[in-house]
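[1] Dropping a prediction and its sequence here:
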Amino acid sequence: MGIIEVKERSALLIEQLLWVWESSVRATHLFLSENEIEGIKKCVPQALKEIPHLFIVENENQISVGFMGIIEQHLEMLFICDEERGKGLGKELLRYGIEKYSVNDLAVNEQNPLAKGFYQHMGFGVYKRTECDEQGNPYPLLYMKFD
């Protein structure tokens, strides 16, 4: 499975990536209510269209199963569909981002301990914590830098 940078963001691709996002969030963001997931989901297509650098990984059937978005040197988003988690795709994407785009910081929900552990394993350390997420919701964020 190779990493593909996506320049053209077709409606079909956005739909596939929205499915990846929802699959990942439902498996890992257990602190979110159904209404919160549905509310956030409405913003995801626009975020996918606007992210400067969008990378996908596909399965053997050329179906997108994971994606990463980068703004400058900041990892803005990294999601792997639930069925593909634990197979090294997130690691492959993040390494690519570090090597090719000098990704050196990110924010992760404190209530998503699997993600926090993954990023720590990949060499990121917490340098700041906030009580709320960037939308003002009561979900603490951990800001991490690449060590």
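    Thanks, I have it. Numbers count the residues shown, from 1 in each chain.
[2] Would you agree residue 142 is in contact with residue 108?
    Yes - look at residue 142 against residue 108 with Cβ atoms under 8 Å: they come within range, at 5.3 Å. Where you see a C-beta, it was placed from the backbone N, CA and C, and this is true even at glycine.
[3] Give me the common contacts of those two.
    Residues touching both residue 142 and residue 108 (Cβ atoms under 8 Å, 6 or more residues apart in numbering) are residue 116.
[4] Show me the helices in the chain, by range?
    11-28, 34-41, 44-50, 89-101, 113-121 (DSSP state H).
[5] okay if I get those as CSV plus mean neighbour count, distance to residue 127 and mean pLDDT?
    Putting those into CSV (neighbours: other Cβ atoms under 10 Å; distance: least, Cβ to Cβ, whole Å; pLDDT from 0 to 100) gives the following:
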stretch, mean neighbour count, distance to residue 127, mean pLDDT
helix 11-28, 17, 22, 96
helix 34-41, 12, 25, 95
helix 44-50, 14, 24, 97
helix 89-101, 18, 17, 96
helix 113-121, 15, 12, 95
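[6] Spatially central residue in this protein, please.
    Centroid-nearest residue in the chain: residue 78, 1.8 Å away (criterion: Cα atoms, centre = their mean).
[7] ok, now how distant is the residue lying farthest from the centre of the chain from residue 24?
    Distance from the C-alpha centroid of the chain peaks at residue 61, with 21.8 Å (Cα atoms, centre = their mean). Noted for residue 61: a distance of 19 Å to residue 24, by Cβ to Cβ, to the nearest Å.
[8] hang on, the earlier thing: so which of the helices of the chain comes closest to residue 2?
    Among those, the nearest to residue 2 by Cβ to Cβ is helix 89-101 (9.1 Å).
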